[in-house]
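K.L.:
sequence unavailable; structure follows:
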């Protein structure tokens, strides 16, 4: 539970702070291309941390984390609950952190109710997917591919064209998604070969006396 809440709060806080940097530096009214290096660096982080694929990946990750050592059914249930709680936690923190800054006018519900419902609806299956990664065979492979494939598909709707870091963000996400996909497939092939070798050779029987 503590890990789930910590990860969720961390993502929500990081995204909120990244979004607020231009305002904190007094550059909120400037065109994006005219902002300083710190604001553009923060925008790069914001376009990644405040994206749908990043939040979905977080829910998958906590589902994987909390399912360690549990039986498959219990692991999926724990993962589903963790994914849901992490997204709800991240949503609350994301909307609360800006109130710490002087430019904020106070708390407003805004779209929070919508995103809380979305966290509940989407967090459950995403967390379950994370837990399913631990299963051997095709189910685990497909579950492990959900996050990188989702990230790549998310780039079908690219970052705002007026952002000077839009292309860098797109290339970074595509590169990371491709790398993770290849890594998952390589590890799956290796695991399959190990299982095949064990099936061929079978257990080794040691006779009394070492013969």
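P.N.:
Good, I have the coordinates. From a predicted model like this one, the values you see are computed outputs, not experimental measurements.
K.L.:
let's verify residue 156: helix, strand, or coil?
P.N.:
Assigned with DSSP: H, G, I helix; E, B strand; the rest coil, residue 156 falls in the coil class.
K.L.:
can you pull the pLDDT of it?
P.N.:
Looking at residue 156, its pLDDT stands at 86.
K.L.:
what residue lies at the spatial centre of the chain?
P.N.:
In the chain, the residue lying closest to the centroid (CA atoms, centre = their mean) is residue 57, at 2.1 Å.
K.L.:
give me the contact list for the helix or strand containing that one.
P.N.:
Residue 57 belongs to helix 52-66 when assigned by DSSP states H and E. If you take CB atoms under 8 Å, 6 or more residues apart in numbering as the criterion, helix 52-66 is touched by 3-4, 7-8, 11, 15, 48, 78-80, 82-84, 86-87, 90, 122-123, 126-131, 133-134, 146-147, 150-151, 153-154, 173. Placement of C-beta: from N, CA and C, glycine included.
K.L.:
could you pull up the residues touching residue 22?
P.N.:
28, 30, 35, 39, 42-43.
K.L.:
how far away from the center of its chain is the helix holding residue 57?
P.N.:
4 Å (CA atoms, centre = their mean, to the nearest Å).
K.L.:
looks like residue 165 contacts residue 47 (just checking).
P.N.:
Yes. The criterion here is CB atoms under 8 Å, and residue 165 meets it with residue 47 at 6.7 Å.
K.L.:
need the residues touching each of these two.
P.N.:
Here residue 165 and residue 47 share the contacting residues residue 159, scored by CB under 8 Å, 6+ apart.
K.L.:
what's the longest helix along the chain packed up against?
P.N.:
The residue-count maximum for a helix in the chain (DSSP state H) belongs to helix 166-201. The contact analysis (3 or more CB pairs under 8 Å, 6 or more residues apart in numbering; DSSP states H and E) places helix 166-201 against helix 37-49, helix 138-154.
K.L.:
the first one versus helix 166-201: what angle between them?
P.N.:
With axes from the mean of the first three to the mean of the last three CA atoms, to 10 degrees as the basis, helix 37-49 and helix 166-201 are set at 40 degrees to each other.
K.L.:
I'd like to know which elements helix 37-49 is packed against.
P.N.:
On a contact count with 3+ CB pairs under 8 Å, 6+ apart, helix 37-49 meets helix 2-24, helix 166-201.
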